[in-house]
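*Asks:* Whatever this is, show me its structure:
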Amino acid sequence: MSMSVYFDNAATTPLAPEVLDAMLPYMKEHFGNPSSIHTHGRKTKSALEKARKKVAELLNTSPSEIFFTSGGTEADNFAITRSVDTFGLTHAITSPLEHHAVLHTLEHLEKAGKIKLSKLNIDDKGNLDYDHLQELLKNNPRSLVSIMHGNNEIGNLSDMERIGEICKEHDALYHSDTVQTMGHYVHDLQKLNVDFLVGSAHKFHGPKGIGFLYVNASSKIQPMIHGGAQERNMRGGTENLYGIIGLATALELAYQEMAEHRTAIEQLKSRMIEQLKQKIVGVDFNGESANLDKSLYTVLNVCLPSHEGGDMLVFNLDINQISASAGSACSSGSDVGSHVLRALNRPKDRGAVRFSFSRYNTAEEVDYVVEKLAEMYSTNPVVQ
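*Replies:* Coordinates of the predicted model:
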């Protein structure tokens, strides 16, 4: 049996048909510039603000705190660079497991002499040391704390409520990269003590090239892009109108059926964990990804035994029409390996592959992937 399987949903998700249907009228009929004052412009401006209001309602916040961007990377850069400049911050705290949109931005600011950067201690599963966060903030109050909610490679979840309370206690600003959890978990911004939070539509069955940044009204920052009054003077440039419509539609769909999607996807993940344990001797899992209580239900990072074809694992899966990731898709094409797995001191001689699931995946696909992996490990010798 042969089938085509897409298990790389943490990299990007397929566009939901309902989302495309919502976007098409704004590609064809409703094309006016939202900044124009004529009828065509007023119509699209109204649609844009309705989309902003919808996103705000789902997150339980005000539309004035939602700013549309080109995606998660821009939103992370926006929050980090502008907060450092706006508030004159000289110290930031992050973890060694962050997405490069956060790590590289903070490291650039440190290299430029703008901030001192501290990284949280982690254990060999990638769990954060919250006592270390307390200690760092005690010695460096009024810092910027940037900790992702769900890790894109190993799936570990951070405790946003706990981090928010620690930040509040020390008058620190809290930014969370929520790209992997937006649309998959409820974010109630009336309950979270967070200053900046981000979303990217293509991670929850929306279009690529559109995201948003939530900025708490009490932590207003300076503009990211100058040159226009769009996004209430915070980000100049004609808005990605149909992208914004698509984002709001996708997020609404995600919230409507979140519990059902979670149940279905968790069943797929559990099925893969159990089958891998049964069929591949010595299989392990990176981070907390096999712990359903501590990780994203959409991500499973598999650590396979030492094997002569280990460095060709993703390539061999691709030959079998299985799309998965060796690490994070955002650094694909580079040979530096995963900074996340390096931080966990994972064995370099073992293959790592990230499978990430969506509501469009099936049990039959899980069975097929495990079968193909088991074949690879039975036909090729294990390295001694």
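*Asks:* Could you count how many residues lie near S338?
*Replies:* S338 has 21 neighbours, counted by other Cβ atoms under 10 Å. The way it works is simple: take the backbone N, C-alpha and C, and place the C-beta from them, glycine included.
*Asks:* what about stretch 302-313, start to end distance?
*Replies:* Start and end residues of stretch 302-313 are separated by 11 Å (Cα to Cα, to the nearest Å).
*Asks:* According to the record, where do the domains of the chain fall?
*Replies:* 5-14+257-379, 17-256 (automatic domain parsing).
*Asks:* In a markdown table, list those along with mean pLDDT.
*Replies:* Converted to a markdown table, the domains of the chain look like this (pLDDT from 0 to 100):
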| stretch | mean pLDDT |
| --- | --- |
| domain 5-14+257-379 | 88 |
| domain 17-256 | 97 |
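*Asks:* Does anything pack onto the longest helix along the chain? Which helices or strands?
*Replies:* Looking across the chain with DSSP state H, the single longest helix is helix 258-279. On a contact count with 3 or more Cβ pairs under 8 Å, 6 or more residues apart in numbering; DSSP states H and E, helix 258-279 meets strand 299-306, helix 363-379.
*Asks:* Give me the distance between it and the centre of its chain.
*Replies:* Chain-centre distance of helix 258-279: 20 Å, with Cα atoms, centre = their mean, to the nearest Å.
*Asks:* now the angle from that helix to helix 363-379?
*Replies:* On the basis of axes from the mean of the first three to the mean of the last three Cα atoms, to 10 degrees, helix 258-279 is oriented at 20 degrees to helix 363-379.
*Asks:* Give me the buried stretch members for helix 258-279, please.
*Replies:* M258, H261, A264, I265, L268, K269, M272, I273, Q275, L276 (16 or more other Cβ atoms under 10 Å).
*Asks:* what's across from the residue lying closest to C167 once chain neighbours are set aside in the sheet?
*Replies:* Leaving aside its chain neighbours, C167 sits nearest to Y174 (4.2 Å; criterion: Cβ to Cβ, 6 or more residues apart in numbering). Beta-bridge partners for Y174, by DSSP bridges, are V145.
*Asks:* which residues touch Y174?
*Replies:* By Cβ atoms under 8 Å, 6 or more residues apart in numbering, Y174 lies in contact with V145, I147, I163, G164, C167, N193, V194, D195, F196.
*Asks:* if you set the cut-off to 7 Å instead, what comes out?
*Replies:* V145, I163, G164, C167, N193, V194, D195 (Cβ atoms under 7 Å, 6 or more residues apart in numbering).
*Asks:* Around the first one, how many other residues sit close by?
*Replies:* If I follow you right, that is V145. Count around V145 with other Cβ under 10 Å applied: 26.
*Asks:* from memory it sits against A172, does it?
*Replies:* Yes - V145 is within contact range of A172, at 5.1 Å (criterion: Cβ atoms under 7 Å).
*Asks:* which residues touch stretch 75-90?
*Replies:* Here stretch 75-90 makes contact (Cβ under 7 Å, 6+ apart) with 69, 101-102, 105-106, 109, 114-116, 142-144, 146, 173, 175, 177, 196, 198, 211-213, 221-222, 224.
*Asks:* now that stretch, how far from the chain's geometric center?
*Replies:* Counting by Cα atoms, centre = their mean, stretch 75-90 comes out at 20 Å from the chain centroid.
*Asks:* how about it as PDB, C-alpha atoms only?
*Replies:* Provided in PDB are the C-alpha atoms of stretch 75-90 (Å, rounded to 0.1, in the frame of the first residue of the first chain):
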ATOM      1  CA  ALA A  75       5.300  40.000  15.300                       C
ATOM      2  CA  ASP A  76       8.100  38.600  17.500                       C
ATOM      3  CA  ASN A  77      10.600  41.100  16.200                       C
ATOM      4  CA  PHE A  78       8.000  43.900  16.600                       C
ATOM      5  CA  ALA A  79       7.400  43.100  20.300                       C
ATOM      6  CA  ILE A  80      11.000  42.500  21.200                       C
ATOM      7  CA  THR A  81      12.800  45.400  19.400                       C
ATOM      8  CA  ARG A  82      10.100  48.000  20.000                       C
ATOM      9  CA  SER A  83       9.700  47.200  23.700                       C
ATOM     10  CA  VAL A  84      13.400  47.400  24.300                       C
ATOM     11  CA  ASP A  85      13.500  50.800  22.600                       C
ATOM     12  CA  THR A  86      10.300  52.200  24.000                       C
ATOM     13  CA  PHE A  87      11.000  51.400  27.600                       C
ATOM     14  CA  GLY A  88      14.700  51.600  27.500                       C
ATOM     15  CA  LEU A  89      15.100  48.000  28.700                       C
ATOM     16  CA  THR A  90      18.700  46.800  29.300                       C
END
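*Asks:* Pull out the buried residues from it.
*Replies:* A75, D76, N77, F78, A79, I80, T81, R82, S83, V84, L89.
*Asks:* could those residues be laid out in a markdown table, adding distance to G183 and secondary structure?
*Replies:* Output for these, formatted as a markdown table (distance: Cβ to Cβ, whole Å; DSSP: H, G, I helix; E, B strand; the rest coil):
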| residue | distance to G183 | secondary structure |
| --- | --- | --- |
| A75 | 14 | helix |
| D76 | 17 | helix |
| N77 | 21 | helix |
| F78 | 20 | helix |
| A79 | 19 | helix |
| I80 | 22 | helix |
| T81 | 25 | helix |
| R82 | 25 | helix |
| S83 | 24 | helix |
| V84 | 28 | helix |
| L89 | 30 | coil |
